[in-house]
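Peer 1: Got a predicted structure here, sequence first:
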Amino acid sequence: MQIPLQITFLGIPPSEAVEAKIREKASKLDKFHSHIMSCRVAVEAEHHHHHQGNLYHIRIDITTPHKELIISREHHDNKAHEDVYVAIRDAFDAATRRLEDYARIQRGDVKTHPVQDEEES
């Protein structure tokens, strides 16, 4: 990455352990796309559910020379995301898939289907 990783905590105090896990996961993203310019991660605790634990929302913004990828999923019904580490894992798994797909498109590895003329049918 050209710009250092940026990590923001919203609604929760900063945690060295959480930050270390994010840094570990982010360092592996370069394997899937070699031209990542920057990566910003926001960790947010959603305090909407007082009868259960807080749900964590992770947003990842990845900038490449030609595109910005934003990975942000709402997990309101996913009780697994009461654990911040599970939410981080799932967000970075999604980021990895998006980067792999984007890299395939950049390389031209994505199969396209030719459009058939209506008269040929």
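Peer 2: That came through, no problem. Numbering: from 1, shown residues only.
Peer 1: Next one, pLDDT for residue 61 please.
Peer 2: Listed pLDDT for residue 61 reads 96.
Peer 1: count of residues packed around the nearest residue to residue 15 once chain neighbours are set aside?
Peer 2: Distances taken as Cβ to Cβ, 6 or more residues apart in numbering put residue 9 closest to residue 15, at 7.4 Å, once the chain neighbours are dropped. C-beta: built from backbone N, CA, C; applies to glycine. Residue 9 has 15 neighbouring residues, counting by other Cβ atoms under 10 Å.
Peer 1: The helix or strand hosting residue 9: partners in the sheet, and parallel or antiparallel?
Peer 2: Remark: residue 9 resides in strand 6-10, with elements defined by DSSP states H and E. Paired with strand 6-10 in the same sheet, following DSSP bridges, are strand 38-46 (parallel).
Peer 1: now residue 26, what's its secondary structure?
Peer 2: Assigned by DSSP: H, G, I helix; E, B strand; the rest coil, the conformation of residue 26 is helix.
Peer 1: check contacts around it.
Peer 2: 1, 5, 39, 41, 92 (Cβ atoms under 8 Å, 6 or more residues apart in numbering).
Peer 1: Show me which of the residues you listed is closest to residue 21.
Peer 2: Among the contacts of residue 26, residue 92 lies closest to residue 21 (Cβ to Cβ), at 9.2 Å.
Peer 1: With that, I have no additional questions.
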